[in-house]
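Chemist: Show me the folded form of this:
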Amino acid sequence: MAERAVPVHGTDCGFAWQIHKQPMADQNGHIDAGPSLEQVAGMGFPAPPPPIYSCTLTPELVAKAREELQEKPEWRLRDVQALRDMILKEQPNLRTRLDDAFLLRFLRARKFDYDRALQLLLNYHGSRRAWPEVFQDLKPSTVKHVLDLGFLTVLPRPDPQGRYILCLRPGKWKPNDYPFVDNIRAIYLTLEKLIQPEETQVNGIVILVDYTGVGLSQASNPGPLLAKKVVSILQDGFPIRIKAVNIINEPRIFKGIFAIIKPFLKEKMAERYVLHGSDLSSLHRVIPRSVLPEEYGGVAGRLDMSAWAQTLLEAEEEFVVEFCQPDPLDGVVLPDSVLYEGEQAEDSYRSLRSQLYYCY
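Modeler: A predicted model of the protein is given here:
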């Protein structure tokens, strides 16, 4: 047995340290984690991580993480400790989780580059300060109306690459229903839940956006400042790997929508956008019918919006602990690169809005 310090709630920095005994990993950094995800969670979504970190990756995913993320199982805990030491040294006032499972998200998202992982962690917390209307009192019960409307869900089965599919239906939302920022809150909570299992940290996710019913009122509502904030968080402020964004049933107006988004996308991310139109056979070439609902030509039954909504609502308490606390950046001086500036985006809004009207 090995002794290891793990964080618990209750100190000025949000966590105290207690010593727990933990089984030693084998030469591949693998630890017997008990029942499989299927045993724990049935055929539903992956179970939350254990309170004390133990690797839950299969041998195949360990190999994938080594190849794609530069993750060496035998150095995993050493790398986590190195990042933890950097945080305590360079940002001693930052109120952040310091446990292994949490820090591993950031290391994996930045291929175990310590400096980039630390920057991502600062961006992650910095986005809360830069966008309080999204993060204040952020918990599932506050976005129940979004879930009930059917704006988003997560398909219950991952694709053959093990990637869960976040399905967005922006046409379900109308500007008179509620502020668009509530949709962003629901998406963020979904990402937070999805990133918990190690499998998602390694495999990443796929986004499927169905633009059925989207008209000028929905397309022009967010604006480039909002688009820039969303893209900034997804690219540089959240520890998740977005492997593909599949767009279906996009109307002509999508040219204007993408004109708003594209300037803020990194080249690598822009290349991952695939426009299928109404050609479902094109979609099936990248997402097999076996995991798609009948609405999208699949054989996995009808699209069920309630299962994921229930998953989020049942996680209310953990989100209260995570987001309904004092500002984690209180007393922390962040570099300018963390903040999301929007003046340039607003200056270009009028010309882009005219493009929307033209496309419509």
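
Chemist: If I look at residue 22, what pLDDT would I see?
Modeler: With respect to pLDDT, residue 22 scores 35.

Chemist: And for residue 233?
Modeler: pLDDT for residue 233: 89.

Chemist: Wait, a strand at it?
Modeler: No. Counting by DSSP: H, G, I helix; E, B strand; the rest coil, residue 233 falls outside a strand, being helix.

Chemist: and it, what is it in contact with?
Modeler: 127, 131, 188 (Cβ atoms under 8 Å, 6 or more residues apart in numbering). C-betas here are computed from N, CA, C, even on glycine.

Chemist: quick one: which of those residues is nearest residue 228?
Modeler: Using Cβ to Cβ, residue 131 is the member of those that lies nearest residue 228, at 10.9 Å.

Chemist: How about the backbone phi and psi for that closest one?
Modeler: phi -140, psi 70 (degrees, to the nearest 10).

Chemist: ok, how many other residues are close to it?
Modeler: 20 (other Cβ atoms under 10 Å).

Chemist: how about the strands in this protein?
Modeler: 2-9, 15-22, 152-154, 164-168, 205-210, 242-248, 273-277 (DSSP state E).

Chemist: Could you tell me the end-to-end distance of stretch 154-164?
Modeler: 7 Å (Cα to Cα, to the nearest Å).

Chemist: got the buried residues for that stretch?
Modeler: 154-159, 163-164 (16 or more other Cβ atoms under 10 Å).

Chemist: low pLDDT regions in this structure?
Modeler: 1-44, 46-50, 219-224, 325-360 (pLDDT under 70).

Chemist: Next up, the contacts around residue 275.
Modeler: 247, 250, 254.

Chemist: can you rerun that using 6 Å?
Modeler: residue 247 (Cβ atoms under 6 Å, 6 or more residues apart in numbering).

Chemist: Could you report the separation of the most centrally placed residue in the chain from residue 138?
Modeler: Central residue of the chain (Cα atoms, centre = their mean): residue 191, 3.2 Å from the mean position. Counting by Cβ to Cβ, to the nearest Å, the gap from residue 191 to residue 138 is 12 Å.

Chemist: now residue 317
Modeler: Distance from residue 317 to residue 138, by Cβ to Cβ: 13 Å.

Chemist: Have a look at those two and say which one is more surrounded.
Modeler: residue 138 (19 against 10).

Chemist: Skipping its backbone neighbours, what lies nearest that one in space?
Modeler: Of all residues beyond its chain neighbours, the one nearest residue 138 is residue 323 (4.1 Å), with distances taken as Cβ to Cβ, 6 or more residues apart in numbering.

Chemist: just residue 230 next, same as before
Modeler: Nearest to residue 230 is residue 184, by Cβ to Cβ, 6+ apart, at 6.2 Å.

Chemist: The one you found: neighbouring residues, count only.
Modeler: 21.

Chemist: same check, this time on residue 202
Modeler: Neighbours of residue 202 (other Cβ under 10 Å): 22.

Chemist: so it touches residue 65, yeah?
Modeler: Yes. The pair residue 202 and residue 65 qualifies as a contact (Cβ atoms under 6 Å) at a distance of 4.8 Å.

Chemist: picking up where we left off before, okay but the residue nearest to residue 230 is in contact with residue 135, surely?
Modeler: No. Residue 184 lies out of contact with residue 135 (Cβ under 6 Å); the separation is 9.9 Å.

Chemist: and the end-to-end length of stretch 200-207?
Modeler: First-to-last residue span, stretch 200-207, Cα to Cα: 13 Å.

Chemist: now do stretch 123-138
Modeler: 18 Å.

Chemist: Then stretch 297-313?
Modeler: First-to-last residue span, stretch 297-313, Cα to Cα: 29 Å.

Chemist: same check, this time on stretch 275-293
Modeler: With Cα to Cα, one end of stretch 275-293 sits 19 Å from the other.

Chemist: What is the distance between it and the centre of its chain?
Modeler: 22 Å (Cα atoms, centre = their mean, to the nearest Å).

Chemist: Please apply the same query to stretch 97-104.
Modeler: So, by Cα atoms, centre = their mean, the centroid of stretch 97-104 is 16 Å from its chain's centroid.

Chemist: what does stretch 241-256 give?
Modeler: 18 Å.

Chemist: In that stretch, which residues are buried?
Modeler: 241-242, 244-251, 253-254, 256.

Chemist: Repeat that for stretch 286-294.
Modeler: 287, 289, 291-293.

Chemist: Repeat that for stretch 268-281.
Modeler: 269, 273, 276, 280.

Chemist: how far does it sit from the chain's center?
Modeler: 20 Å.

Chemist: Next: stretch 116-130.
Modeler: Relative to the chain's own centre, stretch 116-130 is displaced by 14 Å; criterion: Cα atoms, centre = their mean.

Chemist: Count the neighbours of residue 231 for me.
Modeler: Residue 231, neighbours per other Cβ under 10 Å, totals 21.

Chemist: Would you agree it is in contact with residue 266?
Modeler: No. When contacts are counted by Cβ under 6 Å, residue 231 is not listed as touching residue 266 (8.9 Å).

Chemist: Residue 291 and residue 157, how far apart?
Modeler: Following Cβ to Cβ, the distance that separates residue 291 from residue 157 is 4 Å.

Chemist: need the contact list for the residue nearest to the centre of the chain.
Modeler: Residue 191 touches residue 240, counting by Cβ under 6 Å, 6+ apart.

Chemist: Same question for the one 3 residues further on.
Modeler: With contacts taken as Cβ under 6 Å, 6+ apart, residue 194 has the following neighbours: 164, 200.
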